[in-house]
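Undergrad: Kindly generate the corresponding structure for this input.
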Amino acid sequence: MGRTVTGATGEPVRQRRASRAPSPLFVGLVLASVVSGWALWTGYGNAGLFAFVFVACAWVVSLCLHEFAHALVAYRGGDHSVVEKGYLTLDPLKYTHFVYSIVLPLLFVLLGGIGLPGGAVFIDRRFLRSRLSNSLVSLAGPLTNVVFAAVLAVALSAYGVSDGEHVEFWAAVAFLTFLQVTAAVLNSLPVPGLDGFGVIQPYLSNKILRQVAPIAPYAVLLLFVLLWIPPINQAFFSIVLWFLDLLGVPEGLTGYGQQLFRFWLG
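TA: Take a look at the predicted model:
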């Protein structure tokens, strides 16, 4: 039987280390992504079903990484409470407002193909050392989506676009890249409740913050209502498609990936 060593806070060191390990649920999501990706690659089974599983699981993985990035930067910036809250475990069940950060983003992907960013981790900003630390905590999430999209795009450009094979797999990858870009663009907007506002918030005056406070709880909801207005919708997706083109992701392949993902529509 192993020996338990107690740290300065009285918390067992073994327990503290375990609290930062990836959760079994996160590992399961990664494995589901790998297995469904293998099925798409080899042409095994129903391509639409496996594309759905691959994109859905990989999307939740990216949401976990998004929230983990917020927590990790906060930890480095001085807020060590994120360890006790379980935010460094990559466990979607540990994130506060599970519905807002996992269920609703999945629902928006199903309904409209928009990568809705989740707002799930509560950072105790009293412990952050500076305004820059505050901004970096907010910036970490969208940057995670950018890095995720860039890695997928590099793989797609290096292999998927050139070889002309495994089309269903690469189409699913293209759609997943599309979701990462929509999440990054959307979450970078300076709207209260989104990370883009969190980046600039430390530098705003108290007067401006007081003026914003009454509308802050409804700002994100209003934004998504506005996105259903055709001109605004077209402008938003024009920006997304411009970034995808910059990354070398073919629009047609992205559309095919979305079609596979929504296999129940035929």
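Undergrad: Where do the helices of the stretch 151-266 of the chain begin and end?
TA: Listed in chain order, the helices found in the stretch 151-266 of the chain under DSSP state H, counting those that start in this stretch are 161-163, 167-187, 195-200, 206-212, 216-226, 230-247, 251-261.
Undergrad: The helix ranked longest in the chain vs helix 251-261, what angle?
TA: Among all segments of the chain classified by DSSP state H, the helix with the greatest residue count is helix 47-77. Computed by axes from the mean of the first three to the mean of the last three CA atoms, to 10 degrees, the angle separating helix 47-77 from helix 251-261 equals 100 degrees.
Undergrad: centre of the chain versus helix 47-77, how much separation?
TA: Put simply, helix 47-77 sits 5 Å off its chain's centre (CA atoms, centre = their mean, to the nearest Å).
Undergrad: so where's the stretch 101-250 of the chain shaky on pLDDT?
TA: Across the stretch 101-250 of the chain, the ranges flagged by pLDDT under 70 are 101-106, 111-112, 116-119, 161-163.
Undergrad: same for the longest helix of the chain, what does it pack against?
TA: Under the contact criterion of 3 or more CB pairs under 8 Å, 6 or more residues apart in numbering; DSSP states H and E, the helices and strands touching helix 47-77 comprise helix 24-42, helix 81-84, helix 104-112, helix 131-155, helix 167-187, helix 251-261. Backbone N, C-alpha and C define where each C-beta goes, glycine included.
Undergrad: Go through those and pick out the most buried.
TA: When neighbours are counted by mean count of other CB atoms under 10 Å, the highest per-stretch mean among those falls to helix 167-187, a mean of 26.
Undergrad: Just the angle for that one relative to helix 251-261, thanks.
TA: Inter-element angle recorded for helix 167-187 and helix 251-261: 100 degrees (by the same axes, to 10 degrees).
Undergrad: Give the other helices and strands that helix 167-187 contacts.
TA: Counting contacts by 3+ CB pairs under 8 Å, 6+ apart, helix 167-187 is packed against helix 24-42, helix 47-77, helix 131-155, helix 230-247, helix 251-261.
Undergrad: quick one: which of these is nearest residue 178?
TA: Each of the helices and strands packed on helix 167-187 was checked against residue 178 via CB to CB, and the shortest separation belongs to helix 251-261, namely 4.8 Å.
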